[in-house]
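[1] Need a 3D model of the sequence below.
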Amino acid sequence: MSAPEEALPFFVYGTLRSGGRNHAVHLAGRCADVRPAVLEGAALHEGPGFPYAVPDPAPGRRILGELVTVRPGAYAGALAALDRLEDCRADGTGLYVRRRTTVRTATGEPRQAWVYFAGPRAEARLREQPALIESGVWEEEG
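    Model (predicted):
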């Protein structure tokens with residue numbers, strides 16, 4: 001029997017990071033490991049109260065976040081909760097789309113992870129009217 005989705009860690013860069021409002025609701029108590037990580041080849045953009053990741057091949061573009069490994073027994077529930085939170089739809093029309101992507105840990109180790117990128121409409125809007133966060137780090141106001 002194969003699982004519908006591979007149980008990859010999640011690369012989080014906004015409200016799902018440790019200490020973020022959505023980490024406490026959706027990930028706290030479900031994590032086996034949380035470590036700093038970098039997503040290269042993507043730009044971070046400001047959204048209304050949350051950020052978006054958009055693929056961007058420009059030299060130096062990167063997003064700083066965390067690689068979150070969820071405990072096996074909690075994985076299915078966490079995946080469903082995060083897909084709902086991010087409005088990630090099977091047909092790809094949601095606010096975010098979830099893609100398998102390579103990220104690097106702080107030690108430089110490449111790891112496969114699920115990353116929530118801006119969905120098609122949000123990405124098109126941000127390409128037309130960028131809200132780039134040059135540092136690659138999103139700060140939650142609060």
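[2] all contacts plus neighbour counts: C-alpha atoms, from now on.
    Noted.
[3] which stretches of the chain have low pLDDT?
    1-4, 141-142 (pLDDT under 70).
[4] doesn't residue 45 make contact with residue 52?
    Yes: using Cα atoms under 8 Å, residue 52 is in contact with residue 45, at 5.1 Å.
[5] between those two, who's got more neighbours?
    Applying other Cα atoms under 10 Å to residue 52 and residue 45 shows that residue 52 carries more neighbours, namely 26 against 23.
[6] Where does the more buried one fall, secondary structure wise?
    Residue 52 is part of strand 51-55 when elements are defined by DSSP states H and E.
[7] Does anything pack onto that strand? Which helices or strands?
    Counting contacts by 3 or more Cα pairs under 8 Å, 6 or more residues apart in numbering; DSSP states H and E, strand 51-55 packs against strand 42-46, strand 110-118.
[8] Go through the ones you listed and pick out the most buried.
    When the helices and strands packed on strand 51-55 are scored by mean count of other Cα atoms under 10 Å, the highest mean neighbour count falls to strand 42-46 (a mean of 23).
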